[in-house]
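J.: Generate a structure from the sequence data that follows.
(2 chains)
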Amino acid sequence: MTGSDPRAAVARAHREEWARVVAALTRRFGDLDVAEEAAAEAFAAAVERWPADGVPDRPGAWLTTTAIRKAIDRIRREQRREEKHREAEVWSQDATEPVGPVEDDRLRLVFTCCHPALAMEARVALTLRLVGGLTVAEIARAFLLTESATARRITRAKAKIKGAGIPYRLPSADDLPERVTGVLAVLYLVFNEGYLATGPDTDPVRPALTGEAIRLTRLLRTLLPDDGEVTGLLALMVLTEARRAARVDVDGRLVVLAEQDRGRWDAALVAEGHRLVRERLAAGVAPGRYQLLAAINAVHTSAPDAASTDWSQVLALYDQLVRLDPSPVVALNRAVALAEVDGAGAALAVVDRLGDALDGYHAYHATRADLLRRLGRTGPARAAYRRAVELAGNSAETAYLGARLAELG
Amino acid sequence: MQYLMTVVEEFLPGGLREDPAGSATSSEAAAIDAFDDRLRAGGYWVFAGGLDAPGTATVVDRRGEDTVVTDGPFLESKEHLGGFWVIEAPDLDVALGLAAEASRACRRRIEVRPFL
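T.: As a prediction, this is how the structure comes out:
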């Protein structure tokens, strides 16, 4: 008995143990459906029993045992016992084989949910449900879908995992780097959807999603502590999250980095992000994309005010990033730094070359508009702002761009 | 598990392939033979075959009273089935790895689909 508030204990166990319970049951029964339902039933049982019986000493073990019992009950109920046993045997044989560098069922679960043979939106929904423990209703709300559409998406993904034989094991050493990249893409997408929520009538930021993405990335870091990109993504997320309160004003309008009240940044998250970036620098390994983005954010968050930003350092990091990822979006972001180092004219020349690739991207027009404005070319600036407003999906960005346009008269 | 790996044959305006039937070139055929040997050696091999051009296909329909025979493929499209392998693999990861080798050997895209 821990003597803590039972309701808080259940909530805490849900955060800390959900993925472990689902993962353990998936391994044991070889079926994500069974695992998901039994885990949900076990937590429902905890809600009922812990207030009466007290919180168990080892909540995770209690939940796993209860979930296993529920799963066995269900399998008996459905009278498909032999079939399930056979499947469970197949997977438990796999489990005794030597696996990759890390032995954790949760990691297998993450790799299964983020398998490249699943569509990106299916990976996202499945990861949030099975690893994150979000309800179907919560996922639906976060992505502006109906509950039935979300449930269908998850059901279809589970059916493909089962039908196509997507394995519940760690990728081979050869595949591992690529597969980790795939997992990070899912987590970054969840984070960005929270941070730059789309939809004209939605909150500009959805902290539930950014928070969940950070929590899952922290989990991944405990499972893969030596992967620089996992650490890099976590650093990038916390340094971005640190600025959340300062990023949207009371009217729901975006506040750009240069105009943010830096006193409102979350100092603890900034410190954590800087510590993670330093850890990667100390590792002395060539940084990947997320580590470079994190380092850029570390430079920004190290400056006491916008004017003292070390732009040449930012530009140098973007130069490195362009070498890794020569995409037009990265080139656009580099141009923003270039404007601070070499002037708006030099940056505009670079940006104008990206028009073919980025004409449908609001940030391209917003960046161009800002450069044109700084060069005193009001007419073209106005046209570019108008185009950016048309294309922006986030309500805070739309409000900010509209205000900039109005300032030009 | 058994998987069907199908070869996606593409015809683009002006003709993508040297051979109008879409047959493999001699260097592709050699690479495919080497891949087949590797499937056999690894215990993955079940069956495989290459298909003639879609123009040689005939569609038969006996859902009604009469047998209706139609010349040509069921679907006219720029992409069609060029050939296939049936393989035995423990899971999708292994199948996808083999499909990547198959794609490199025949220089075409491969669709992987599990049997029921």
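
J.: Quick check: chain neighbours aside, which residue is closest to the closest residue to chain A within chain B?
T.: The nearest approach of chain B to chain A comes at B:D91, 3.9 Å away (C-beta to the nearest C-beta). From N, CA and C alone the C-beta is placed, and that goes for glycine too. For B:D91, ignoring the flanking residues on the chain, the nearest one in space by C-beta to C-beta, 6 or more residues apart in numbering or on different chains is A:P167 at 3.9 Å.

J.: Over to the residue positioned nearest the centre of chain B. Which of the three states is it?
T.: Taking C-alpha atoms, centre = their mean, the centroid of chain B lies closest to B:G83, which sits 2.3 Å from it. The three-state label for B:G83, taken from DSSP: H, G, I helix; E, B strand; the rest coil, comes out as strand.

J.: give me every residue that touches it.
T.: Residues near B:G83 by C-beta atoms under 8 Å, 6 or more residues apart in numbering or on different chains: B:T6, B:V7, B:E9, B:A48, B:G49, B:G50, B:L51, B:C106.

J.: so the residue nearest to B:D91 makes contact with B:L96?
T.: No - counting by C-beta atoms under 8 Å, A:P167 does not reach B:L96; the two are 10.6 Å apart.

J.: ranges for the helices of chain B?
T.: B:26-42, B:92-106 (DSSP state H).

J.: Now find how far off-centre the first one is within its chain.
T.: Centroid separation between helix B:26-42 and its chain, computed with C-alpha atoms, centre = their mean, to the nearest Å, is 14 Å.

J.: just the CA coordinates of it, formatted as CSV?
T.: C-alpha atoms of helix B:26-42 as CSV (Å, rounded to 0.1, in the frame of the first residue of the first chain):
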residue,chain,number,x,y,z
SER,B,26,19.0,-9.7,-71.0
SER,B,27,20.7,-8.0,-68.1
GLU,B,28,17.4,-7.9,-66.2
ALA,B,29,16.8,-11.5,-67.0
ALA,B,30,20.2,-12.5,-65.6
ALA,B,31,19.6,-10.5,-62.4
ILE,B,32,16.2,-12.2,-62.0
ASP,B,33,17.7,-15.6,-62.5
ALA,B,34,20.3,-14.8,-59.8
PHE,B,35,17.5,-13.6,-57.5
ASP,B,36,15.5,-16.8,-58.1
ASP,B,37,18.5,-18.9,-57.1
ARG,B,38,18.8,-16.9,-53.9
LEU,B,39,15.1,-17.5,-53.1
ARG,B,40,15.7,-21.2,-53.6
ALA,B,41,18.8,-21.3,-51.5
GLY,B,42,17.1,-19.3,-48.7
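
J.: From the contact counts, what lies against it?
T.: Counting contacts by 3 or more C-beta pairs under 8 Å, 6 or more residues apart in numbering or on different chains; DSSP states H and E, helix B:26-42 is packed against strand B:45-50, helix B:92-106.

J.: one more time with 10 Å
T.: Under the contact criterion of 3 or more C-beta pairs under 10 Å, 6 or more residues apart in numbering or on different chains; DSSP states H and E, helix B:26-42 touches strand B:45-50, strand B:79-88, helix B:92-106.

J.: touching chain A at all, the shortest one?
T.: No - in terms of C-beta under 10 Å from any C-beta of the partner chain, no part of strand B:45-50 sits within range of chain A; the closest distance is 15.0 Å.

J.: Mind listing the strands that strand pairs with, and their directions?
T.: strand B:79-88 (antiparallel) (DSSP bridges).

J.: which non-adjacent residue is nearest B:S103?
T.: Counting by C-beta to C-beta, 6+ apart, B:I110 is the residue found nearest to B:S103 once chain neighbours are left out, at 4.7 Å.

J.: Okay, and the beta partners of the one you found?
T.: Going by DSSP bridges, B:I110 forms beta bridges with B:V7.

J.: Mutual contacts of A:P167 and B:L96, please.
T.: A:H115 (C-beta atoms under 10 Å, 6 or more residues apart in numbering or on different chains).

J.: could you redo the contacts of B:G83 as JSON lines and give each row distance to A:L348, pLDDT and neighbour count?
T.: What follows is the contacts of B:G83, written out as JSON lines (distance: C-beta to C-beta, whole Å; pLDDT from 0 to 100; neighbours: other C-beta atoms under 10 Å in any protein chain shown):
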{"residue": "B:T6", "distance to A:L348": "49", "pLDDT": "96", "neighbour count": "20"}
{"residue": "B:V7", "distance to A:L348": "48", "pLDDT": "93", "neighbour count": "24"}
{"residue": "B:E9", "distance to A:L348": "47", "pLDDT": "84", "neighbour count": "23"}
{"residue": "B:A48", "distance to A:L348": "57", "pLDDT": "95", "neighbour count": "17"}
{"residue": "B:G49", "distance to A:L348": "58", "pLDDT": "92", "neighbour count": "8"}
{"residue": "B:G50", "distance to A:L348": "55", "pLDDT": "89", "neighbour count": "15"}
{"residue": "B:L51", "distance to A:L348": "55", "pLDDT": "87", "neighbour count": "18"}
{"residue": "B:C106", "distance to A:L348": "47", "pLDDT": "90", "neighbour count": "22"}
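
J.: Rebuild the residues you listed as CSV, extending it with distance to A:E259.
T.: Conversion of the contacts of B:G83 to CSV gives the following (distance: C-beta to C-beta, whole Å):
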residue, distance to A:E259
B:T6, 56
B:V7, 57
B:E9, 57
B:A48, 64
B:G49, 66
B:G50, 64
B:L51, 64
B:C106, 57
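
J.: Mind picking the two most distant members of those residues?
T.: Greatest spatial distance among these (C-beta to C-beta): B:E9 and B:A48, at 15.0 Å.

J.: List the contacts of the residue of chain B closest to chain A.
T.: So B:D91 contacts A:D94, A:A164, A:G165, A:I166, A:P167, A:Y168, A:R169, B:M1, B:Y3, B:P114 (C-beta under 10 Å, 6+ apart).

J.: And for A:V350?
T.: A:A331, A:L332, A:R334, A:A335, A:L338, A:A339, A:D342, A:L371.

J.: name the element it belongs to?
T.: helix A:344-352 (DSSP states H and E).

J.: That helix: how far from the chain's middle?
T.: So, by C-alpha atoms, centre = their mean, the centroid of helix A:344-352 is 32 Å from its chain's centroid.

J.: what sits against A:T64?
T.: A:E17, A:R20, A:V21, A:V22, A:A23, A:A24, A:L25, A:R28, A:A38, A:A39, A:A42, A:R58.

J.: Please flag which of the residues you listed sit within helices.
T.: Per DSSP H, those map to helices at A:E17, A:R20, A:V21, A:V22, A:A23, A:A24, A:L25, A:R28, A:A38, A:A39, A:A42.

J.: For the last one, which non-adjacent residue is spatially closest?
T.: This points to A:A42. Using C-beta to C-beta, 6+ apart, the closest residue to A:A42 is A:A67 (3.7 Å).

J.: which residues of the chain score low on pLDDT?
T.: In the absence of a named chain, this looks at chain A. By pLDDT under 70, the weakly predicted segments of chain A are A:1-4, A:79-103, A:197-205.

J.: Sorry, I should have been clearer: chain B.
T.: In chain B (pLDDT under 70), the answer is B:11-23.

J.: let's see it at 80
T.: The model of chain B has pLDDT under 80 over residues B:10-25, B:74-78.

J.: just curious, which of the contacts of B:G83 is nearest to A:L321?
T.: A:L321 lies nearest to B:C106 out of the contacts of B:G83, by C-beta to C-beta, at 36.4 Å.

J.: so who does the closest one touch?
T.: Contacts of B:C106 (C-beta under 10 Å, 6+ apart): B:7, B:9, B:24-25, B:28-29, B:31-32, B:35, B:50, B:82-83, B:85.

J.: Sounds good, over and out.
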